[in-house]
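K.L.:
sequence and computational prediction follow.
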Amino acid sequence: MQKKVFLILKNTFLSLLVNYKMTEILKISNVTKLYSNKFQALDNLSLNINRGEIFALLGPNGAGKSTLINTICGILNFDEGSITVDEFNIKTQYRKARSLIGIVPQELNLEAFETVWDNVNYSRGLYGKSPNHSFTEKLLKELSLWDKKNSKLRELSGGMKRRVLIAKALSHEPKVLFLDEPTASVDVELRKDMWEIVKRLKQEGVTIILTTHYIEEAEEIADRVGIINNGKIILVDEKENLIKKLGQKILKIELGEPINEIPSNLIHFNLEINKEMNILTYIYDTKGENTGITSLLAEIKALGMQLKDISTEQSSLESIFLNLVKESENELVRS
């Protein structure tokens, strides 16, 4: 009997835990931001972020990424709509909502003559949090900053300064962390270190929203991807689903011998050819009923062209992103 009760309680707890993790910690509903010059930075934008996920926000320069982050954090006012952080309204319950948010800006704006320890503790105090030396010590150790705790910021490298920014953003124990271009201007090795930090923060229950110019960054660490352009969210999906549903594939056909030009019979396939004139590239839609591959290979055979090798590649998140932004721009022109 006791065993049965225990199993029921265990299953109930696990169910509650799953539902808790899947709840939306950040809700943005129909938000519009109009600047004084009549420029509409955010256009009736809606977006929900799940608790505990890593969400990558992609978009070209001027798309509205920074405006959206600054609006969520209460730095900018918005004209219409609503934003809640863990059910706290950013306008009517600003202090409570803002205390749940940490933000790591792109700019390295730090007190150059203060120590790492003082910088982080000062940030904690700004949110009304009493000193907690054991928490600060744990935080600095996790970010590989403990041996630099007494160093002044001007003595640190750019990569270490960026770690200090993350420590400051986490000093008041927020539930949501915004990372604005977290690996901008850092080398490849440090970028991978930062990815590991982000993954570890997720494991600790922090919800992470990052903006990035590095598409591979979103591919590496994000759970979901959102694409913003002209102040609108044009797509949100699981990273794998996005690539699977919207991706194109690339067919590379290596010829036995170079050719002088693409034969006229193959022009309608919109092929590309490399400088050595021996590899044809064909891009096709995986969603299409007819990929055109069979017809292409039949035409090549009919022309007597010898094949050396055939391979396919899955399109990257970058190509999907560029295609969606292009489509968005075309729709804007048409409207």
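P.N.:
Cool, got the structure. Residues are numbered from 1 along each chain as shown.
K.L.:
give me the low-pLDDT residue ranges for this protein?
P.N.:
Using pLDDT under 70 as the threshold, the predicted model of the chain has low-confidence ranges 1-22, 185-186, 243-248, 286-289, 314-320, 328, 332-335.
K.L.:
how about the strands in the stretch 1-150 of the chain?
P.N.:
With strands called from DSSP state E, counting those that start in this stretch, the stretch 1-150 of the chain shows them at 24-34, 40-50, 54-58, 80-85, 88-89, 101-104.
K.L.:
typo on my end, it should be the stretch 151-300 of the chain
P.N.:
Counting by DSSP E, counting those that start in this stretch, the stretch 151-300 of the chain has these strands, from start to end: 176-180, 207-211, 224-229, 232-238, 248-255, 272-273, 279-285.
K.L.:
wait, what's in contact with the residue nearest the centre of the chain?
P.N.:
Among the residues of the chain, the one closest to the centroid is Ala56, at 1.5 Å (CA atoms, centre = their mean). Contact criterion CB atoms under 8 Å, 6 or more residues apart in numbering gives 210-212, 217-218, 221-222, 224-226, 239 as the residues in contact with Ala56. C-beta here means a position set from N, CA and C on the backbone, and glycine is covered the same way.
K.L.:
Asn132 touches Arg124, doesn't it?
P.N.:
Yes - using CB atoms under 8 Å, Asn132 is in contact with Arg124, at 7.3 Å.
K.L.:
neighbour count for those two, which is higher?
P.N.:
Per other CB atoms under 10 Å, whichever of Asn132 and Arg124 has more neighbours is Arg124, with 21 against 15.
K.L.:
nearest spatial neighbour of the more buried one, chain-adjacent residues omitted?
P.N.:
Nearest-residue entry for Arg124: Ser171, 4.0 Å, with adjacent residues in sequence omitted and distances by CB to CB, 6 or more residues apart in numbering.
K.L.:
now swap in Val206 and tell me
P.N.:
In space, and not counting its chain neighbours, Val206 is closest to Leu177: 5.3 Å by CB to CB, 6+ apart.
K.L.:
any idea what the one you found is bridged to?
P.N.:
Per DSSP bridges, residues listed as beta-bridge partners of Leu177: Gly102, Ile208.
K.L.:
mind checking how far it is from Trp146?
P.N.:
Using CB to CB, to the nearest Å, we find Leu177 at a distance of 20 Å from Trp146.
K.L.:
name the residue in these two with the higher neighbour count.
P.N.:
Each of Leu177 and Trp146 had its neighbours counted (other CB under 10 Å), and the higher figure belongs to Leu177 (22 against 15).
K.L.:
how about the strands of the stretch 151-300 of the chain, which one is nearest Met305?
P.N.:
Judged by CB to CB, the one of the strands of the stretch 151-300 of the chain that comes nearest to Met305 is strand 248-255, at 6.0 Å.
K.L.:
okay, the angle between that closest one and strand 279-285?
P.N.:
In this structure, strand 248-255 runs at an angle of 160 degrees to strand 279-285, with axes from the mean of the first three to the mean of the last three CA atoms, to 10 degrees as the basis.
K.L.:
can you put the contacts of Ala56 in TSV and add distance to Asn270 and neighbour count?
P.N.:
As requested, the contacts of Ala56 are arranged in TSV below (distance: CB to CB, whole Å; neighbours: other CB atoms under 10 Å):
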residue	distance to Asn270	neighbour count
Leu210	35	24
Thr211	34	25
Thr212	31	20
Glu217	31	23
Ala218	28	25
Ile221	34	19
Ala222	31	24
Arg224	32	19
Val225	27	25
Gly226	30	23
Lys239	28	18
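K.L.:
alright, calling it a day.
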